[in-house]
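1. pasting the structure only:
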């Protein structure tokens, strides 16, 4: 089974996926080969996959933000002969929870985003009545707030999984 996870700045493809577990609005879905076509929004921001790598089952956990989940047995490219089950996940942001991601590094990244957000809020206060500058700063604040919330959620999930 093919698994593709894509964001604006990250893409991963697994061709030997045996099981995918995701929480959708309609309930928890466990996807195996030849699963029916399905589409939904990821609700709890966690996607778990299992792959068979040299007769070893490996599990991966991804934290995603604003993700859409699609299962298709038709494939996305009509020119491709292999029409096996494909699972496609498109998200705004993603963090893979693995041994390479340390809690300290993630905490440091979160604190840096908090500092950046605080600096932008201070700049907004100092902007006075300059509409163009206010609009620019507000856009940065919105993006920084989203990323900060995502990192906070990822930290919480990581602590829960490792604790």
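-> Structure received. Model, not experiment: these values are computed from the prediction.

2. now the helices for this structure?
-> Here the chain has its helices, by DSSP state H, at 103-126, 131-162.

3. The last one packs against which elements?
-> Counting contacts by 3 or more Cβ pairs under 8 Å, 6 or more residues apart in numbering; DSSP states H and E, the secondary-structure elements packed against helix 131-162 are strand 38-53, strand 56-65, strand 93-97, helix 103-126. Any C-beta I mention is one placed from the backbone N, CA and C, and that applies to glycine too.

4. buried set for that helix?
-> Across helix 131-162, burial judged by 16 or more other Cβ atoms under 10 Å covers 137, 141, 144, 147, 148, 150, 151, 153, 154, 155, 157, 158.

5. Which pLDDT does the model give the second one?
-> At residue 141 the predicted local confidence, pLDDT, stands at 94.

6. For it, list the residues it contacts.
-> By Cβ atoms under 8 Å, 6 or more residues apart in numbering, the contact set of residue 141 is 117, 120, 121, 124.

7. which of these are buried?
-> 117, 120, 124.

8. Of the helices of the chain, which is nearest residue 22?
-> Among those, the nearest to residue 22 by Cβ to Cβ is helix 131-162 (14.1 Å).

9. how much does that closest one deviate in direction from helix 103-126?
-> Here the directions of helix 131-162 and helix 103-126 differ by 160 degrees (axes from the mean of the first three to the mean of the last three Cα atoms, to 10 degrees).
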